[in-house]
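> pasting the sequence and the predicted coordinates here, then a few questions.
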Amino acid sequence: MGINLKLFMAIKKSNFNQKSLADAIPMTRSYLNLAINRGLRLDDGQKRSIAKALGQKVEDLFDE
C-alpha cells in the first residue's frame, strides 16, 4: 500500500469509535511524517484540518 492509502485508511478507521481514534492517531502521525519526509507538502490549512479531524493539536501531530 502506498503512503497516501495507508494515511487515508488510518483516518477512515478513526471515524468508527473513540477507541479506534485513539489507536489510529499514532499510526496516522507516523504515516504523515513518513509522507512529509518523502516529499508530501501540506500547507498550514491542511495541517489544521487533519489535526482537527483527529482531535489533536497541529504541533502534537506534526514534527516541525
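Thanks, I have it.
> am I right that residue 25 is in contact with residue 51?
No - Residue 25 is beyond contact range of residue 51, at 10.1 Å (criterion: Cβ atoms under 8 Å). All C-beta atoms are positioned from the backbone trio N, CA, C, and that covers glycine.
> what touches both of the two?
Listed as contacting both residue 25 and residue 51 by Cβ atoms under 8 Å, 6 or more residues apart in numbering are residue 61.
> quick check: the gap between the nearest residue in space to residue 44 that is not next to it in sequence and residue 5.
Closest residue to residue 44 in three dimensions, ignoring its sequence neighbours and counting by Cβ to Cβ, 6 or more residues apart in numbering: residue 58, at 7.9 Å. Noted for residue 58: a distance of 23 Å to residue 5, by Cβ to Cβ, to the nearest Å.
> ok, those two, which is more surrounded?
residue 58 (14 against 10; other Cβ atoms under 10 Å).
> residues contacting the more buried one?
Contacts of residue 58 (Cβ under 8 Å, 6+ apart): 44, 47-48, 51.
> of those, buried ones?
Buried members of those, scored by 16 or more other Cβ atoms under 10 Å, are 47, 51.
> filter the contacts of residue 58 down to the ones in helices?
44, 47-48, 51 (DSSP state H).
> what is the neighbour count of residue 55?
For residue 55, using other Cβ under 10 Å, the count is 12.
> nope, residue 6 is what I was after
Count around residue 6 with other Cβ under 10 Å applied: 16.
> so what's it closest to, chain neighbours aside?
The nearest residue in space to residue 6 (Cβ to Cβ, 6+ apart) is residue 31, at 5.0 Å.
> re earlier: and which of the ones in helices among the contacts of residue 58 is nearest to residue 35?
Closest approach to residue 35 among the ones in helices among the contacts of residue 58 (Cβ to Cβ): residue 47, at 12.2 Å.
> remind me which residues of this structure are low pLDDT?
Residue ranges of the chain with pLDDT under 70: 1-4, 7, 10-24, 63-64.
> swap in 50 and give it another go.
Residue ranges of the chain with pLDDT under 50: 1.
> strands of that one, start to end?
Using DSSP state E, no strands are found in the chain.
> all helices for it, in order.
According to DSSP H, the helices that the chain contains are 3-13, 18-37, 44-54, 58-61.
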